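Need coordinates for the following:
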Amino acid sequence: MGFQGDEESAPQIPRKTLFRYNSPLVQVSLIGLVCFCCPGMFNALSGMGGGGQVDTTVADNASTALYTTFAIFGIIGGGVYNILGPRLTLFAGCSTYVLYAGSFLYYNHYKEQTFAIIAGAILGVGAGFLWAGEGAIMTSYPPPDRKGTYISIFWSIFNMGGVVGGLIPFILNYHRTSASSVNDGTYIGFMCFMSIGALISLAILPPSRVVRDDGSRCTNIKYSNVSTEVVAILKLFLNWKMLLIVPAAWSSNFFYTYQFNNVNGVLFNLRTRGFNNVFYWGAQMVGSVGIGYILDFSFKSRRARGLFGIGVVALLGTGIWAGGLANQLRYSRQNLLDKLDFKDSGSDFVGPFFLYFCFGLLDAMFQSMVYWVIGALADDSETLSRYSGFYKGVQSAGAAVAWQVDTHHVSFMSQLAVNWSLTTLSYPLLAILVFLGVKDDTKPADETPKEVTPPSTLTQL
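Next comes the predicted model:
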């Protein structure tokens, strides 16, 4: 039976089918687990500052190589996703994370950074594939009026990887407060999780096989070809919607260098950096749930929800960066403070720790907000994979520049000022995009009546 235009004529699917293998909830949760194991562990590794090394030079150079290739392959990753589909794209991307963690294990023994830089460049290719696929799944599989909720579910699972990843170096290096790097077991633990993530990626279904609870299917795309994707990707650079996203995309990973290296890495000793990361990524879970609720439930109008969400993030972001300024006035590259320890530093530890926690909260709210805006611009997987790839590509270009800025020892204060300015510039441009580009009608424009599959059939797909 096809849709008749009202809810009464559509068959009601039992609530228990929410956890079907081919439901958006399960598929978004699976991509969350993939990112738990791969980018989540990578984030924990990066969040320690210097990739777990006291000398940040190797991590800065590896990250520059990583985000340079990520900038290119992030943009074309959406096209690769449209050609290869989710499983091959995600598996290829996940495999490169294991190599990157292994390069730091190698560096621990031989102090040769060439392998780490090459592994970083290879990871940039893989990350471009992974995040383009992730963005397409997270923004196109959920029902149009619940994208904020599903984004928060993904972000919570993904950032639990950072929490667990933060515990690994914290536990394994608890008694090594003055060591020059984390131990081998830390990197081996990361590699094990990343390998599991690559295997989980093979369980992701293509959009044509994902069925929402109301019986509607995600976009049934025909896989594209290279020439079509090249033309479509080039057109993104002339798309006014994408141009308005550029400052938000550029800034959304640009601030990681400052937060990881120049706050967590500079102010805290080795074991405390791992301790802080548990709470940094835990704060991301809180932030994503909070902004997800605002973006889905605060107002009836989708446009009003988007504008309100941007306003909330702008207000919170201004306060947190002001706190960062107050903290930064206490030290500089030429005048470093004694390393803080979560057990021994007493009240001196509380303020910088709370600031770092708030940085994690803001990161999740900022990026979830941007993903929601992207998801509100279209409903089909094909378009959203390109939009997400463009976002990740620009984001990675910003990150590549940020890591090199730190390598050249630009002052901490200058880095903070640039980060604050970029995020502040993003808010009015995103508001304009929501006002002009987001429609309150959440029904996909190209949606045609589809055959509703009986519940008994859905559970077997």
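
Roughly how far does residue 256 sit from residue 149?
26 Å (CB to CB, to the nearest Å). No exception for glycine: its C-beta is placed from N, CA and C like everyone else's.

scratch that, residue 37
Applying CB to CB to residue 37 and residue 149 gives a distance of 23 Å.

What residues sit buried inside the helix or strand where residue 79 lies?
Per DSSP states H and E, residue 79 falls inside helix 57-84. Within helix 57-84, the residues that count as buried by 16 or more other CB atoms under 10 Å are 58-71, 73-82, 84.

chain center to whichever helix or strand comes after that helix: distance?
Next helix or strand after helix 57-84 toward the C-terminus (DSSP H and E): helix 86-110. Relative to the centre of its chain, helix 86-110 is centred 17 Å away, using CA atoms, centre = their mean, to the nearest Å.

neighbours around the residue nearest to residue 204 when sequence neighbours are not counted, how many?
Spatially, and ignoring its direct neighbours in sequence, residue 204 is nearest to residue 86 (4.5 Å; CB to CB, 6 or more residues apart in numbering). Using other CB atoms under 10 Å, residue 86 has 24 neighbouring residues.

Quick one: residues contacting residue 86.
Applying CB atoms under 8 Å, 6 or more residues apart in numbering to residue 86 gives the contacts 133, 136, 137, 201, 204, 205, 206, 207.

Could you rerun that using 7 Å?
Counting by CB atoms under 7 Å, 6 or more residues apart in numbering, residue 86 makes contact with 133, 137, 204, 206.

for residue 37, same thing?
Each residue near residue 37 by CB under 7 Å, 6+ apart is listed here: 161, 193, 194, 196, 197, 200.

wait, which of these is closest to residue 277?
Set against residue 277, the nearest of the contacts of residue 37 by CB to CB is residue 161 (11.0 Å).

Apart from its chain neighbours, what residue comes closest to the closest one?
residue 40 (1.8 Å).

can you list contacts of the host helix or strand of the one you found?
Residue 40 is located in helix 39-47, with elements delineated by DSSP H and E. Residues outside helix 39-47 that contact it (CB under 7 Å, 6+ apart): 51-52, 97, 101, 158-159, 161-162, 165-166, 168, 190, 193-194, 256, 260, 264, 277, 280-281.

Now, the residues you listed that are in helices?
97, 101, 158-159, 161-162, 165-166, 168, 190, 193-194, 256, 277, 280-281 (DSSP state H).

hmm, back to that, could you measure from the residue nearest to residue 204 over to residue 133?
5 Å.

And residue 274, by the same measure?
Taking CB to CB, one finds residue 274 at 30 Å from residue 133.

same thing with residue 324?
In terms of CB to CB, residue 324 sits 33 Å off from residue 133.

Compare those two and say which is more crowded by neighbours.
Counted by other CB under 10 Å, residue 324 and residue 133 do not tie: residue 133 has more neighbours, with 34 against 23.

who touches that one in this structure?
Residue 133 touches 81, 86, 89, 90, 93, counting by CB under 7 Å, 6+ apart.

Any figure for the gap between it and residue 339?
Going from residue 133 to residue 339 by CB to CB gives 40 Å.

Kindly report the same for residue 326.
Residue 326 sits 20 Å away from residue 339, going by CB to CB.

more neighbours, these two?
residue 339 (16 against 11).

What is the burial count for the closest residue to the more buried one other than its chain neighbours?
Once flanking residues are discounted, residue 339 sits nearest to residue 269: 4.2 Å by CB to CB, 6+ apart. By the criterion of other CB under 10 Å, residue 269 has 21 neighbours.

do you know how far residue 269 is from residue 340?
Distance from residue 269 to residue 340, by CB to CB: 7 Å.

now swap in residue 130 and tell me
34 Å.

With neighbour numbers in mind, choose between those two.
Regarding residue 130 and residue 340, a neighbour count based on other CB under 10 Å identifies residue 130 as having more, with 34 against 21.

what residues are up against that one?
Listed by CB under 7 Å, 6+ apart, the contact set of residue 130 reads 38, 90, 93, 94.

Show the pLDDT at the third one.
Meaning residue 93. Listed pLDDT for residue 93 reads 95.

my read: residue 93 touches residue 125, true?
No: contact criterion CB atoms under 7 Å: residue 93 and residue 125 do not qualify, at 8.1 Å.

And the two? Which one has more around it.
Between residue 93 and residue 125, counted using other CB under 10 Å, residue 93 has the larger neighbour count: 30 against 21.

show me the contacts for residue 378.
Taking CB under 7 Å, 6+ apart, one finds 384, 387 in contact with residue 378.

before we move on, which element is it in?
Here residue 378 is assigned to no helix or strand, by DSSP H and E.

any idea how far residue 152 is from it?
Distance from residue 378 to residue 152, by CB to CB: 20 Å.

Residue 217 too?
23 Å.

When those two are compared, which one has more neighbours?
residue 152 (27 against 16).

How many residues are close by residue 435?
Other residues close to residue 435 by other CB under 10 Å number 11.

That one in helix, strand or coil?
Using DSSP: H, G, I helix; E, B strand; the rest coil, the structure places residue 435 in helix.

quick one: contacts for it?
303, 307.

Repeat that for residue 287.
Counted by CB under 7 Å, 6+ apart, residue 287 has contacts 361, 362, 364, 365.

gap between residue 371 and residue 249?
As judged by CB to CB, residue 371 and residue 249 stand 11 Å apart.

One more: residue 214?
The value you get for residue 214 to residue 249, if CB to CB is used, is 32 Å.

Residue 34 too?
For residue 34 relative to residue 249 (CB to CB), the value is 22 Å.

With neighbour numbers in mind, choose between those two.
Each of residue 34 and residue 249 has its neighbours counted (other CB under 10 Å); residue 34 has more, 31 against 24.
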